[in-house]
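Peer 1: I need the structure of the sequence given here:
(one chain, ligands or ions: 4)
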Amino acid sequence: SPFDLLITNADVVTASDRFSTDIGIRDGKIVALGRHLGEAGRTVDASGLLTLPGGVDAHCHLDQPMEFGLRMADDFTSGTRSAACGGTTTVIPFAAQMKGQSLRAAVEDYHRRAEGKACVDYAFHMIVSDPTPRVLSEELPALIREGYTSFKIYMTYDDLKLNDRQILEVLDVARREGALVMVHAENSDCISWLTDRLVAEGNTAPRYHAVSRPQAVEREATHRAITFSELVDVPILIVHVSGSEAIEQIRWAHGRGQRIYAETCPQYLYLTAEDLGHEGYEGAKCVCSPPPRDQQNQEAVWRALAHNVFSVFSSDHAPFSYDDAQGKKLNGKEQKFQYIPNGIPGLETRLPLLFSGGVASGRISLHQFVALTSTQPAKLYGLYPRKGSIMIGADADIALWDRDLEVRISNDRLHHAVDYTPYEGRTVTGWPVMTFSRGRLVSQDFEFLGRAGEGEFMPCGQPIL
Ligand code: URP
Ligand code: ZN
Ligand code: ZN
Ligand code: ZN
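Peer 2: Residues are numbered from 1 along each chain as shown. Ligands and ions are numbered 1, 2, ... in the order given. Model prediction:
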């Protein structure tokens, strides 16, 4: 038969269009759209469901070694399994350079971590933490040309941060090579000064993590990054924007005609700083940076999503287990807030949370949902048109959504290797009930059906801005 798989009666929604069609799939690609396409090895009737492009999660951390001997709970198998069960068919985790390490060695290290283990397709962003003359003049330009066309830089964290001069120098390489730089914008000295003051006063519980990183700290760094982008004349993308003050800076830059892209994440829509203050030590489960703010800021992030201030909606999945003596309670002891590893899990819940609060609640359109979670990240990071839409020639990465299904989120039903979800007990409306990665059914009804090693590495093309 001409097709390996035929999805019939599909109600397809892309970032721009909606149409009814059958979808013919052969060798992992979409090869036909239309009616009465003919015979197929397998037919799936998508009546009553929404047919969306598989999600592209362009910000997640998998198998990254950390400071203090910490390990992430998810490797490339458990992380991508979880992604697949949440409707995500492409992940772009990080190949993080350690200070003193060559950038190429970092990229090779992460390839070894991923090789034969991923269940869905993946690419890499680099993290540049040590921009030596050799990195700036040789390694970074060469790696960008080889398909690592985006990289993240940090303005905070001692083991990762760049100073202002270094930031200007890496931005200049990005301008020359056409790479997209993702910026973690928080002011490091403000955080360490606030942290020391809190600790000196005996304020070490998890909730003080949020107090040590107020919005002013994020606002200032966001403004500084925007200024550097202007001086170097290169677009940048501000990652994990948490609330109204950073949003104001981004809107200000847009008003001046600057090419500033921005990302936000589910935690800034669903959590608040109060979640860090839960009884006992539970607040550690919601420690991430920037920290979640308050309800008014959640509303500001929703409004900015609706008004297209953001281009990308990612999980920032950073999987640390709560109880395994390596995560939030290192060596069985409750850590002071400044030692709690930053980050929360979210690969599997990213799409349902945005669908439920965004589409089902009428705050954003279905087209915006697809754009934010799939099409725009694919374009910005050079994976489009292979990923990010449903069209002839694209990979058959497709999620069939039951838009009315009510699901109570519970960690028992998730597929990551983390021992909690910060969204435990919340009910969402809408869930991807079947997910195809290059035409292979990788999840159905909360069951993982894929296999480790079926996901392929993809070099990235030039960002489409
Ligand atoms: O708290 C966070 N976001 N941890 C993950 C690392 C990062 O900065 O994205
Ligand atoms: Zn970050
Ligand atoms: Zn507006
Ligand atoms: Zn991150």
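
Peer 1: in this structure Phe228 contacts Asp164, no?
Peer 2: Yes. Between Phe228 and Asp164 there is a contact under CB atoms under 8 Å: 7.3 Å. C-beta coordinates here come from the backbone N, C-alpha and C atoms, glycine included.

Peer 1: neighbour count: the two, which is higher?
Peer 2: Phe228 (20 against 12; other CB atoms under 10 Å).

Peer 1: get me the contact residues on the chain for ligand 1.
Peer 2: With CB under 6 Å from any ligand atom as the criterion, the chain comes near ligand 1 at residues 61, 184, 240, 288-289, 316, 318, 342-343.

Peer 1: try 5 Å
Peer 2: By the rule CB under 5 Å from any ligand atom, the part of the chain lying against ligand 1 is 184, 288-289, 316, 318, 342-343.

Peer 1: inside strands: which ones of these?
Peer 2: Judged by DSSP state E, the residues of the chain next to ligand 1 include His184 as members of strands.

Peer 1: ok, of the residues of the chain next to ligand 1, which come out buried?
Peer 2: Listed as buried from these are 184, 288-289, 316, 318, 342-343; burial here means 16 or more other CB atoms under 10 Å.

Peer 1: now do Leu441: how many residues are near it, please.
Peer 2: Leu441 is flanked by 18 other residues according to other CB under 10 Å.

Peer 1: Glu201 too?
Peer 2: 9.

Peer 1: distance of it relative to Tyr268?
Peer 2: Distance, Glu201 to Tyr268, by CB to CB, to the nearest Å: 28 Å.

Peer 1: state the phi and psi torsions of the closest residue to ligand 1 within the stretch 351-465 of the chain.
Peer 2: When scored by CB to the nearest ligand atom, the stretch 351-465 of the chain has Pro422 as its residue closest to ligand 1, at 11.9 Å. Backbone torsions of Pro422, given as degrees, to the nearest 10, read phi -70, psi -10.

Peer 1: try Ala84
Peer 2: Residue torsions, per degrees, to the nearest 10, at Ala84 are phi -60, psi -40.

Peer 1: so the closest residue to it other than its chain neighbours: helix, strand or coil?
Peer 2: Nearest residue to Ala84 in three dimensions, chain neighbours excluded: Val442, at 4.2 Å (CB to CB, 6 or more residues apart in numbering). Assigned by DSSP: H, G, I helix; E, B strand; the rest coil, the conformation of Val442 is strand.

Peer 1: thinking Val442 is in contact with Met434, fair?
Peer 2: No. Using CB under 8 Å, Val442 is not in contact with Met434, being 9.1 Å away.

Peer 1: residues in contact with the residue nearest to Ala84?
Peer 2: Contacts for Val442 (CB atoms under 8 Å, 6 or more residues apart in numbering) come out as 84, 89, 119-120, 435-436, 448-450, 454.

Peer 1: 7 Å instead?
Peer 2: For Val442, the contact set (CB atoms under 7 Å, 6 or more residues apart in numbering) comprises 84, 119-120, 435-436, 449-450.

Peer 1: ok, and the most crowded of these?
Peer 2: The residue in the contacts of Val442 with the most neighbours, by other CB under 10 Å, is Ala84 (32 neighbours).

Peer 1: which pLDDT value belongs to that one?
Peer 2: Looking at Ala84, its pLDDT reads 98.

Peer 1: likewise Asn308?
Peer 2: Value listed for Asn308 in the pLDDT field: 98.

Peer 1: next one: the one 3 residues further on
Peer 2: pLDDT, Ser311: 98.

Peer 1: now swap in Lys328 and tell me
Peer 2: Lys328 is assigned a predicted lDDT (pLDDT) of 74.

Peer 1: ok, it - contacts?
Peer 2: By CB under 7 Å, 6+ apart, the residues touching Lys328 are 284-285, 320, 322, 335, 340.
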